[in-house]
Structures are given as C-alpha cells and as structure tokens.
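Engineer: Just need the structure, nothing else, for what follows:
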Amino acid sequence: MVYIVRMRTLAPFALTSGVVLAALFTTPAAANDVELAVSAKVYAGEKPKVTVKIKKDLSKATLDVDGGGGQRAHQTLGPGAAGTELVFELPQKGAGVVKWKGSLEVEFDDGSAGSMPLSFATEVIGKLDVKVVSERAEIVERNTVRVVMGRKAGKVDVEVVGDDGETLANVSQQFAGQAPGAELKVEWIPKTTAKPFMLRVVAHDVDGIFSPTLEAYVWAFEVPHEEVLFDTGKSEIRPTEEPKLQAALEELNRALKKYAKALSISKDQNRLFIFGHTDSVGSPASNQALSDARARSIATWFLKHGVKLPIHARGFGESMLKIDTPDETDEARNRRADYQVTNQPVSLSGWTRIQ
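Structural biologist: As a prediction, this is how the structure comes out:
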C-alpha cells in the first residue's frame, strides 16, 4: 500500500489526519515542488520506503524520522533532477506496525527551500503462508482441494494443470474472512478428461495481501507389470524372468512419452519408486531384508536398461499385506512389487537411491 502527498506552494504547512503525510511548502512557485509516497505495507524481508518524486531540480533532501525502539532514519540524498526520484529506506525491525514522526527538508537549485513535519505508520507483514491439506484422492477424484492460510481469508486462486500439460481448470473462490487455519474448500469443473497433475495456489488475505504461488504436485502412474518370481530366499533376477521386466519397461517408456509435456513442468520432482513386499512366511526381520533386496534388484535392472529418472527402492516386508492373512501364510498375491512414477513430494528417509 502506498500513500501519496503532494507538496504544494503558497500556503503554510500542516499535519493531515490518519496515516498520510503533511504538506510541504516552499517559497512561492507556480506548481508542486515535490511529491511524497510511502510504501506503508511490505512483506517481511523488505523495507518500507519513503519516495520523494522531484518536480523541479533539487540539490538535496534530508529525511529525519524516528519510530522508537532504536528505529531511526536520518539520511540526506541528492542532488536530483526534475522528473526523478529519491528513495529513503526505513530501518524497520521485524514484522508489525511502526509509527514514525519527524521531518523532511529540501533545498532546490534555485535557492528555495522547505520543510514539513511527518507523521505516518508503516507495517511489515509476515509472509502469507498457504498449505494444501487435501489427500491426493480428493484432488484427483473429486476435483476439490482444501487449503489453509495463516491470516483471515479473502480469496484463493487455483490453477489446475492436467497430465497433458494443459490448464485443466482456473478458478477463484471468494471467502468471508475465515479465521487463520480454517480449511477453505475450492472446487472446479475440469475442461477435459485429463487428470490433475499439479496445482498452483495463491492465497489472498482480507487486506488483499497475497501469498507466493504454491505448487502442489499430485500425479502418480502405476506401471503395469507381471510379478517377477524369485528363488526362495533369493533376490537375484533369473534370466527367465527378464521378459517381464522388459514388458514393464516398455509400459514405462510409453507413459513417459505420453506425459512428457507435463513431466517437463515438474522435472526436478519426477521419480520412479520400487516397493518390495513379501507374504507372512518367515520372521518380520528376514522378510524386511528380503523385500528390500528384491526391490533393489528390480530398480537396478531398470537403471541398467536406460531409465533416466531418479530411481528409489525400498522393501516393506510383510507390513503392507495386499491380502490380510494370519502369520506364516503362503500367499502369492502378497509377494509382489509396485512400480510407481510420481511427481509428489515424498520423504526419502528409508529409501535407497539406485545409482
């Protein structure tokens, strides 16, 4: 927010009310001499500024204001030609409102001069945080996202990019000052049959302050495949099983080609994950180690056969049974691996990056 005061001639100076600046007058002249603008609200990391817009050639301008708490600006700038600006930066510390009082004095090249008392407030605003709290299924299957922001809600803008790389929806939802932390639901009607690939979310508070754009990645592709069979207690891939991996590789490459435009948007996020699982026969510790070794074997095969994506492998042993069984149950459907390409942010703790 910027407040502007014009400094006119031919009258005495006086303070104005509120958070605007008093008028500055010089010796008689035919037009405004300078104009003052204050950036009254800025984000954390920025400094409020007082800008002097010069209307006639100026030799110097001195700003002397005090905001209390050791926050004082005493600075002289110039010279400056008509049509240019002098910018004074205020040394405001931290977020919050500071009330400044002091004066501005100017001297012009023609020998005229003037001064004005100043009384105004500036505010440094903490970054407006926004967070997506929806599960992926809600976004992908119900075309709905829930977000929360750190201040009273004014509006949320959402752009949905589809897995074809095109804009799937672009909506703006108004809100009525819901409290910080309240869940804000935004829905959309997709333009095409493409699936959501990522969201770009911008939050606005009730004062019109808006957040940086949040990019939320929500895409995942399960690579179709036939399960690789291993010898009992082994993790080496038998030559007779490699055609299954070759077929899965072809499916993967087709998907990478189909979604290439979208994947180029999230290129630093794209990864291939190999999840290893076992049945409940054997001890949990041995199954964990075995599933981990088998997942790494499959991931290494993909790496050696030209997959350029970062590949991560992890075994889950018998902790994620597809078919719930009692302990020591030989269930083939639980001896499996999942191959997933995704751009979703994932904690890599516990995963092995295959080099």
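Engineer: Which residue lies nearest the spatial centre of the protein?
Structural biologist: What sits nearest the mean C-alpha location of the chain, by CA atoms, centre = their mean, is residue 214, with 3.1 Å.
Engineer: And residue 208, how close does it get to residue 181?
Structural biologist: Counting by CB to CB, to the nearest Å, the gap from residue 208 to residue 181 is 20 Å. For the C-beta atoms, the positions are set from N, CA and C on the backbone; glycine is no exception.
Engineer: quick one: low-confidence ranges for the stretch 201-350 of the chain?
Structural biologist: Scanning the stretch 201-350 of the chain for pLDDT under 70 picks out the ranges 319.
Engineer: Mind jotting down where the helices sit in it?
Structural biologist: 242-258, 260-265, 284-304 (DSSP state H, counting those that start in this stretch).
Engineer: check contacts around residue 351.
Structural biologist: Contacts for residue 351 (CB atoms under 8 Å, 6 or more residues apart in numbering) come out as 273, 312-314.
Engineer: Quickly list the domain ranges of the protein.
Structural biologist: What automatic domain parsing lists as the domains of the chain is 2-125, 130-218, 221-354.
Engineer: Span of the longest one from start to end?
Structural biologist: This means domain 221-354. Using CA to CA, to the nearest Å, the end-to-end distance of domain 221-354 comes out at 20 Å.
Engineer: so how far is it off the chain centroid?
Structural biologist: Relative to its parent chain, domain 221-354 has a centroid offset of 31 Å by CA atoms, centre = their mean, to the nearest Å.
Engineer: What's the local residue count around the nearest residue to the residue nearest to the centre of the chain once chain neighbours are set aside?
Structural biologist: Sequence neighbours aside, residue 201 is the residue nearest to residue 214 in space, at 4.5 Å (criterion: CB to CB, 6 or more residues apart in numbering). When neighbours are defined as other CB atoms under 10 Å, residue 201 has 22 of them.
Engineer: Which residues are in contact with residue 201?
Structural biologist: 130, 132, 145, 147, 156-158, 213-216.
Engineer: Present these as JSON lines; the columns should include distance to residue 327.
Structural biologist: As requested, the contacts of residue 201 are exported to JSON lines (distance: CB to CB, whole Å):
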{"residue": "130", "distance to residue 327": "46"}
{"residue": "132", "distance to residue 327": "39"}
{"residue": "145", "distance to residue 327": "41"}
{"residue": "147", "distance to residue 327": "43"}
{"residue": "156", "distance to residue 327": "48"}
{"residue": "157", "distance to residue 327": "52"}
{"residue": "158", "distance to residue 327": "47"}
{"residue": "213", "distance to residue 327": "50"}
{"residue": "214", "distance to residue 327": "44"}
{"residue": "215", "distance to residue 327": "44"}
{"residue": "216", "distance to residue 327": "40"}
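Engineer: Quick check on the residues you listed: which are buried?
Structural biologist: Among those, those classed as buried by 16 or more other CB atoms under 10 Å are 130, 132, 145, 147, 156-158, 214-216.
Engineer: Quick one, which of the helices of the stretch 201-350 of the chain gets closest to residue 162.
Structural biologist: helix 260-265 (7.1 Å; CB to CB).
Engineer: Need the residues that contact that closest one.
Structural biologist: With CB under 8 Å, 6+ apart as the criterion, helix 260-265 contacts 161-166, 197-198, 219, 256, 270, 343.
Engineer: now, which of those residues lie within strands?
Structural biologist: 161-162, 197-198 (DSSP state E).
Engineer: Residue 305: which of these is nearest?
Structural biologist: For the ones in strands among the contacts of helix 260-265, the nearest to residue 305 is residue 197 (26.2 Å; CB to CB).
Engineer: circling back to that earlier point, can you pull up the bridge partners for the residue nearest to residue 214?
Structural biologist: For residue 201, the beta-bridge partners are residue 158, residue 214 (DSSP bridges).
Engineer: Residue 61: what secondary structure?
Structural biologist: Three-state assignment for residue 61 (DSSP: H, G, I helix; E, B strand; the rest coil): strand.
Engineer: Kindly report the same for residue 51.
Structural biologist: Per three-state DSSP, residue 51 ends up strand.
Engineer: Report the beta-bridge partners for the residue lying closest to it once chain neighbours are set aside.
Structural biologist: Spatial nearest neighbour of residue 51, chain neighbours left out: residue 37 (4.5 Å); criterion: CB to CB, 6+ apart. With DSSP bridges applied, the residues forming beta bridges to residue 37 are residue 4, residue 51.
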